[in-house]
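**Q** Build me a structure from this.
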Amino acid sequence: QVQLVESGGGLVQAGGSLRLSCEASGSIFSIGSMNWYRQAPGKQRELVAGIISGGNTNYADSVKGRFTISRDVAKNTVYLQMNSLKPEDTAVYYCKAWIAPIGSTRPNDYWGQGTQVTVSS
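**A** Residues are numbered from 1 along each chain as shown. A predicted model of the protein is given here:
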(Lines give C-alpha, C1' and ligand atoms only; values in the text may rest on other atoms or scores of the structure.)
Protein backbone atom coordinates (compact mmCIF):
# COMPACT_ATOMS: atom_id res chain seq x y z
CA GLN A 1 0.00 0.00 0.00
CA VAL A 2 1.24 3.45 -0.94
CA GLN A 3 0.38 6.66 0.91
CA LEU A 4 1.13 10.32 0.39
CA VAL A 5 0.91 12.58 3.42
CA GLU A 6 1.11 16.38 3.14
CA SER A 7 1.98 18.76 5.93
CA GLY A 8 2.91 22.39 6.44
CA GLY A 9 -0.27 24.20 5.55
CA GLY A 10 -1.74 26.94 7.68
CA LEU A 11 -2.78 30.57 7.94
CA VAL A 12 -0.33 33.26 6.91
CA GLN A 13 -0.53 36.97 6.12
CA ALA A 14 -0.01 38.25 2.61
CA GLY A 15 3.69 38.51 1.84
CA GLY A 16 4.53 35.66 4.17
CA SER A 17 5.96 32.21 3.51
CA LEU A 18 5.05 28.59 4.05
CA ARG A 19 6.81 25.33 3.26
CA LEU A 20 4.73 22.31 2.33
CA SER A 21 6.01 18.75 2.56
CA CYS A 22 4.67 15.55 1.05
CA GLU A 23 6.13 12.18 2.00
CA ALA A 24 5.42 9.00 0.09
CA SER A 25 5.50 5.79 2.13
CA GLY A 26 4.65 2.14 1.78
CA SER A 27 5.69 -0.56 -0.65
CA ILE A 28 7.43 1.69 -3.19
CA PHE A 29 9.70 0.42 -5.93
CA SER A 30 10.27 3.75 -7.66
CA ILE A 31 8.88 7.26 -7.94
CA GLY A 32 8.76 9.26 -11.14
CA SER A 33 7.33 12.75 -11.23
CA MET A 34 6.06 14.49 -8.11
CA ASN A 35 3.69 17.43 -8.37
CA TRP A 36 1.79 19.97 -6.34
CA TYR A 37 -1.76 20.91 -7.28
CA ARG A 38 -4.20 23.28 -5.62
CA GLN A 39 -7.93 23.75 -5.59
CA ALA A 40 -9.63 26.94 -4.46
CA PRO A 41 -13.35 27.01 -3.55
CA GLY A 42 -15.49 26.93 -6.67
CA LYS A 43 -12.50 26.42 -8.97
CA GLN A 44 -10.94 23.49 -10.76
CA ARG A 45 -7.85 21.79 -9.42
CA GLU A 46 -4.76 23.24 -11.10
CA LEU A 47 -1.13 22.24 -11.40
CA VAL A 48 1.13 24.50 -9.35
CA ALA A 49 4.55 22.89 -9.80
CA GLY A 50 6.16 19.63 -10.80
CA ILE A 51 9.53 17.93 -10.58
CA ILE A 52 10.70 14.83 -12.41
CA SER A 53 13.22 12.26 -11.24
CA GLY A 54 15.99 13.98 -13.19
CA GLY A 55 15.35 17.20 -11.30
CA ASN A 56 13.74 19.31 -14.03
CA THR A 57 10.96 21.52 -12.74
CA ASN A 58 7.96 23.36 -14.12
CA TYR A 59 5.68 25.99 -12.62
CA ALA A 60 2.35 27.62 -13.25
CA ASP A 61 2.82 31.17 -14.49
CA SER A 62 0.98 32.50 -11.44
CA VAL A 63 3.63 31.18 -9.04
CA LYS A 64 6.87 31.55 -11.03
CA GLY A 65 9.48 33.43 -9.07
CA ARG A 66 7.61 32.94 -5.79
CA PHE A 67 7.34 29.16 -5.33
CA THR A 68 10.12 26.58 -5.46
CA ILE A 69 9.61 22.84 -5.72
CA SER A 70 12.34 20.49 -4.54
CA ARG A 71 12.74 16.83 -3.78
CA ASP A 72 14.64 14.58 -1.39
CA VAL A 73 14.88 11.30 -3.25
CA ALA A 74 16.23 9.38 -0.26
CA LYS A 75 13.26 10.45 1.85
CA ASN A 76 10.63 10.04 -0.91
CA THR A 77 9.61 13.59 -0.10
CA VAL A 78 8.70 16.60 -2.20
CA TYR A 79 8.62 20.15 -0.88
CA LEU A 80 6.99 23.37 -1.98
CA GLN A 81 8.56 26.56 -0.65
CA MET A 82 6.02 29.35 -1.05
CA ASN A 83 7.19 32.94 -0.66
CA SER A 84 5.49 36.30 -1.19
CA LEU A 85 2.13 34.64 -0.69
CA LYS A 86 -0.99 36.36 -1.96
CA PRO A 87 -4.64 35.97 -0.94
CA GLU A 88 -5.28 34.34 -4.32
CA ASP A 89 -2.93 31.52 -3.30
CA THR A 90 -5.54 30.40 -0.78
CA ALA A 91 -6.52 26.83 -1.60
CA VAL A 92 -6.22 23.21 -0.57
CA TYR A 93 -2.85 22.00 -1.81
CA TYR A 94 -2.48 18.39 -2.93
CA CYS A 95 0.55 16.40 -3.87
CA LYS A 96 0.52 13.78 -6.58
CA ALA A 97 3.23 11.26 -7.41
CA TRP A 98 3.75 8.73 -10.17
CA ILE A 99 4.70 5.62 -8.23
CA ALA A 100 5.54 2.04 -9.11
CA PRO A 101 4.64 -0.13 -6.11
CA ILE A 102 6.78 -3.16 -5.28
CA GLY A 103 5.45 -6.20 -7.08
CA SER A 104 3.40 -4.21 -9.58
CA THR A 105 4.16 -3.84 -13.26
CA ARG A 106 2.03 -0.72 -13.58
CA PRO A 107 2.92 2.62 -12.01
CA ASN A 108 0.01 4.81 -11.04
CA ASP A 109 -0.77 8.31 -9.87
CA TYR A 110 -1.25 8.59 -6.12
CA TRP A 111 -2.74 11.61 -4.35
CA GLY A 112 -2.38 12.96 -0.86
CA GLN A 113 -5.31 14.08 1.27
CA GLY A 114 -4.55 17.78 0.90
CA THR A 115 -3.45 20.56 3.23
CA GLN A 116 -5.18 23.92 3.60
CA VAL A 117 -3.28 27.12 2.87
CA THR A 118 -5.02 30.37 3.76
CA VAL A 119 -3.47 33.74 3.00
CA SER A 120 -5.08 36.74 4.67
CA SER A 121 -4.91 40.24 3.22
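
**Q** Okay, now the unreliable bits of this protein?
**A** By pLDDT under 70, the chain has no low-scoring segment.

**Q** And the strands in it?
**A** Along the chain, counting by DSSP state E, strands occupy 2-7, 10-13, 18-26, 28-39, 46-51, 57-59, 67-72, 77-82, 91-101, 108-111, 115-120.

**Q** Redo those as JSON lines? Include mean neighbour count.
**A** Just so you know, the C-beta spots here come from the backbone N, C-alpha and C atoms, and that holds for glycine as well. As requested, those are exported to JSON lines (neighbours: other C-beta atoms under 10 Å):
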{"stretch": "strand 2-7", "mean neighbour count": "17"}
{"stretch": "strand 10-13", "mean neighbour count": "13"}
{"stretch": "strand 18-26", "mean neighbour count": "18"}
{"stretch": "strand 28-39", "mean neighbour count": "19"}
{"stretch": "strand 46-51", "mean neighbour count": "18"}
{"stretch": "strand 57-59", "mean neighbour count": "15"}
{"stretch": "strand 67-72", "mean neighbour count": "18"}
{"stretch": "strand 77-82", "mean neighbour count": "23"}
{"stretch": "strand 91-101", "mean neighbour count": "21"}
{"stretch": "strand 108-111", "mean neighbour count": "14"}
{"stretch": "strand 115-120", "mean neighbour count": "17"}
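
**Q** How about the contacts made by Ala97?
**A** Residues in contact with Ala97 (C-beta atoms under 8 Å, 6 or more residues apart in numbering) are 4, 22, 24, 31-35, 78, 109-110.
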